[in-house]
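# When you get a sec, could you give me coordinates for this:
(4 chains)
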2 protein chains.
Amino acid sequence: MINAKLIDLATALGVSVTTVSKALKGGYSDVSETTRAKVIEMAKTMNYKPNANAVYLRTNETKTIGVVIPTMVHHFFSIVLNGILEEAENRGYFVIILQSNEKYELEKKQIDLLIQKRVDGILISITNETDDFAHLNAIIKNKTPLVMFDKIAKIVNCSKVVINDRKAAYDAVTFLIKKGHKKIAHFRGSYTPQNSIDRFLGYKKALEDNNIKFDQTLVYVCDKNADFEDGYSNAKKLVQDHDDVDSVFAVTDLVAIGIIKYLNEIKIEIPEQIAVFGFSNWFMSTVISPTLTTIDQPGFEIGQRAASILIDELAEIKANRDVIHQTIEIPTSIIERESTLRKLKTELI
Amino acid sequence: MINAKLIDLATALGVSVTTVSKALKGGYSDVSETTRAKVIEMAKTMNYKPNANAVYLRTNETKTIGVVIPTMVHHFFSIVLNGILEEAENRGYFVIILQSNEKYELEKKQIDLLIQKRVDGILISITNETDDFAHLNAIIKNKTPLVMFDKIAKIVNCSKVVINDRKAAYDAVTFLIKKGHKKIAHFRGSYTPQNSIDRFLGYKKALEDNNIKFDQTLVYVCDKNADFEDGYSNAKKLVQDHDDVDSVFAVTDLVAIGIIKYLNEIKIEIPEQIAVFGFSNWFMSTVISPTLTTIDQPGFEIGQRAASILIDELAEIKANRDVIHQTIEIPTSIIERESTLRKLKTELI
DNA sequence: TTGTAAGCGTTATCAT
DNA sequence: ATGATAACGCTTACAA
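A predicted model of the protein is given here:
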């Protein structure tokens, strides 16, 4: 038998569809315990599973949230997704995940698909390309709650979950300065994404606040993809251009690992000659030699909070209450490992 | 306006719902080109998006496939998912992704949810725990096509996409033997998963075929999670137990990287003293020092083929043709890197 | 306590 | 070439 429906249970038991429906949902005072028990029993033996699509048509709820991210082949995003999935599951929501592959056009298309599915709400981390937000505003106008996380657009009127990239970068560079580093290079991301800009600004501010003159030639742009290759090739340039550089703050762990790889190859000692500081705390950072000092960017919590806020807003709307958008900043922290100079230990050795 | 529907377009244009529906779908000969153009125009201005749930109720198709995997925070699975997403998108299907977190009970629950959503078909890679397949057989009985990939159960009657783990392992160990290694340890996965068993059997067979006596004490079980920690701690044991071991074949890159990490720490040279061979070709393998020789397990293709077969079967069923299940073996290959002895290069240096 | 019937948005059959 | 209408599976207001 293919997918039993309410009427199948009803005829099998000789009662009405209404009774079956009420019995299964529970919370109705007007169905006797005995019939209720019988219905539930029968549902189990006939392996009844409610048809979510039909349910939606009546209730206007799909109990589904849609997620659009640039890519899932990315440690950070896969952790974020985990946070989203856990929160959604705990609160009885499905999750549909779509990738934008860092393409604006695809992002638009994916949102369209989610709307066709009539998801109850949408979580999004936008692409680096995205600079027109009409498709996001359309979602909001459509009364579908939207929560942005990680890669957000400040201008869009919705709740957001972010980290403070500027502060985190500031802390990282200050940490290097405190350790005695003076000539600190920065491998930045490309010019458009907000977090790339913010990390750069944090770097610059930390230098200024510590009376170190900002030197544009110490800034290298990783605009390919802010990945391993970028780090590797720019590290090559760096040591050619500046033989006296004593540390690098990289926009991403992947870039930092590219740097480490190159420095290892040409036998420059890390951190004794050049210290390296990453960003994100990917698993890989614990595995590379030397292990990488980095900023922990708590992906799981970001995902969880984003989902939680979205589902809260859904509840508010259902209860006909006003939704107040909020922007949550998840705190980051420095994870100190081998790739930065640890004065004490070095002195002991 | 919240989500325009057919009737909104119809009243706006002064035509019937039927006409609008036909015009939008296309392929109907009985609607004039002029009205058709008008309808499409109006659909655009009113931002009409069909309600997928309502469509399903009529067509019995959700154009959605469900995917259940142990975890997505895993390079291999995230690549597989990419393959699935690409194929599904090209062929006009949605994808709902659920995680089982390696828990049998959760796997069952996730399948239930997919059935409630009335997905057209299901792709699954089962958990290591799963040894009862009633929930999978129920899907099949339910006439929902099922395709298993990577972690499969031979006994379940459906199409499958796999790699030949035994052969791949056999090739890996043969490769080591050809390079002159004689005392080859194996860090295997736990006892239940089929691919862990198969890789072990391939290892054993390669030894036998090359007249190397199988030594049980050279086999270490990574049963925690077949992860980095397992590799690291077992490497410690290995060098204590066998000071003359000359190579290790690891069940997974992650385990291999744990080994490399430990050997690096105690200054054992790789590959000169001990060669290391991984399995899966994770990105990390290209980044670790020395880079890791491994088996390339083409995740993208696995995902793509699995999705393709599933969607093909959907089409067969729709056309009322018989479905013939197939088992596809995606070929693997050896990726040679620094962690195994390369006779020529070493001699040159 | 139980049942009848309308309606959700769409498609498809049958008239016009 | 266009439209009226039934049907998909479910929930719920209302009736019995």
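
# And for whatever residue of the stretch 1-150 of chain A ends up closest to DNA strand D, nearest residue in space, chain neighbours not counted?
Going by C-beta to the nearest atom of the strand, DNA strand D is nearest to A:Lys5 of the stretch 1-150 of chain A, at 3.0 Å. Any C-beta I mention is one placed from the backbone N, CA and C, and that applies to glycine too. Leaving aside its sequence neighbours, A:Lys5 sits nearest to A:Asn51 (C-beta to C-beta, 6 or more residues apart in numbering or on different chains; 6.9 Å).

# In contact with the one you found, which residues are there?
A:Asn3, A:Lys5, B:Gln116, B:Arg118 (C-beta atoms under 8 Å, 6 or more residues apart in numbering or on different chains).

# Would you agree the first one is in contact with B:Ala138?
No - the pair A:Asn3 / B:Ala138 is not scored as a contact, 11.2 Å apart, by C-beta atoms under 8 Å.

# buried set for the helix or strand where A:Asp312 lies?
Taking DSSP states H and E as the criterion, A:Asp312 maps to helix A:299-318. Buried residues in helix A:299-318, counted by 16 or more other C-beta atoms under 10 Å in any protein chain shown: A:299-314, A:317.

# pLDDT wise, what is the residue of the stretch 1-150 of chain A closest to DNA strand D at?
Looking at A:Lys5, its pLDDT is 91.

# Quick check: phi and psi at it.
Here is the backbone geometry of A:Lys5 (degrees, to the nearest 10): phi -120, psi 180.

# would you turn the contacts of A:Asn51 into JSON lines with neighbour count?
Putting the contacts of A:Asn51 into JSON lines (neighbours: other C-beta atoms under 10 Å in any protein chain shown) gives the following:
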{"residue": "A:Asn3", "neighbour count": "17"}
{"residue": "A:Lys5", "neighbour count": "16"}
{"residue": "B:Gln116", "neighbour count": "17"}
{"residue": "B:Arg118", "neighbour count": "22"}
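
# These: which two are farthest apart?
Within the contacts of A:Asn51, two members stand farthest from each other by C-beta to C-beta: A:Lys5 and B:Gln116, at 12.2 Å.

# near chain B at all, stretch A:223-240?
Yes - Stretch A:223-240 reaches chain B (C-beta under 8 Å from any C-beta of the partner chain) through A:Phe228.

# buried sites along that stretch?
Result for stretch A:223-240 [16+ other C-beta under 10 Å]: buried residues A:Ala226, A:Phe228, A:Asp230, A:Gly231, A:Tyr232, A:Asn234, A:Ala235, A:Lys236, A:Leu238, A:Val239.

# Could you measure from the closest residue to A:Thr62 other than its chain neighbours over to B:Gln116?
What sits nearest to A:Thr62 in space, not counting adjacent residues and going by C-beta to C-beta, 6+ apart, is A:Tyr56, at 4.9 Å. Per C-beta to C-beta, to the nearest Å, A:Tyr56 is found 11 Å from B:Gln116.

# Same question for A:Arg58.
For A:Arg58, the distance to B:Gln116 - C-beta to C-beta - is 15 Å.

# Likewise for A:Ala275?
54 Å.

# For A:Thr174, give me its contacts.
A:Thr174 touches A:Ala206, A:Asp209, A:Asn210, counting by C-beta under 8 Å, 6+ apart.

# I'd guessed A:Ala138 sits against B:Lys49; true?
No - judged on C-beta under 8 Å, A:Ala138 makes no contact with B:Lys49 at a distance of 10.3 Å.

# A:Leu136 contacts A:Ile152, doesn't it?
No - look at A:Leu136 against A:Ile152 with C-beta under 8 Å: they stay out of range, at 10.0 Å.

# These two: which is more packed in?
When neighbours are counted by other C-beta atoms under 10 Å in any protein chain shown, A:Leu136 and A:Ile152 differ, and A:Leu136 comes out ahead with 23 against 20.
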